[in-house]
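Asker: just to be clear, the model below is a prediction. Sequence and coordinates:
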Amino acid sequence: VQLQASGGGLVQAGGSLRLSCAASGSIFRIATMRWYRQAPGNQRELVAGITVGGSTNYADPVKGRFTISKDSTKNTAYLQMNSLKPEDTAVYYCNALLPGIGGVQRWGQGTLVTVSS
């Protein structure tokens, strides 16, 4: 398994969760790591990303509430989610975008985040 996501669960609105994505070292060293989410009936959407150099970007709905980070010593990317809202409920997927022409990607299995009101 090249990407392993974990950390989902049930939380009340206003609460916090931290997702983790453990990657193989060969991927982690060269990939832009990203988190996507997919709510029932919706398309999968990009939530946040972090480049090899550490630059980050966020989708507007999560700006100021979510923080993406990574620990190169553990080959792991994180998504700290604060002030969670019911509309954050979704399956969250870890993604690695590899460099080069073609945009080869690797996906982890999803982890379910449920935010109750």
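Answerer: All right, it came through fine.
Asker: tell me the SS of the spatially most distant residue from the centre of the chain?
Answerer: Here the centre of the chain is the reference, and by Cα atoms, centre = their mean the most remote residue is residue 101, at 23.1 Å. Taking DSSP: H, G, I helix; E, B strand; the rest coil as the rule, one finds residue 101 in the coil state.
Asker: and the helix or strand bottoming out on mean pLDDT in the chain, what's buried?
Answerer: Ranked by mean pLDDT, DSSP states H and E, the weakest helix or strand in the chain is helix 25-28, scoring a mean of 89. The neighbour-count check on helix 25-28 (16 or more other Cβ atoms under 10 Å) flags 27-28 as buried. In this view, the C-beta of every residue, glycine as well, is placed from N, C-alpha and C.
Asker: contacts for that helix?
Answerer: Identification of contacts with helix 25-28 by Cβ atoms under 8 Å, 6 or more residues apart in numbering yields 2-3, 70, 72, 75-77, 96, 98, 106.
Asker: how does it look with 6 Å?
Answerer: Helix 25-28 has contacts (Cβ atoms under 6 Å, 6 or more residues apart in numbering) with 2, 75, 96.
Asker: same check, this time on stretch 85-97
Answerer: 3, 5, 13, 19, 21, 27, 31-39, 105-108, 110-115, 117.
Asker: can you say which of the residues you listed are buried?
Answerer: Of these, these count as buried by 16+ other Cβ under 10 Å: 3, 5, 19, 21, 27, 31-37, 108, 110-111, 113, 115.
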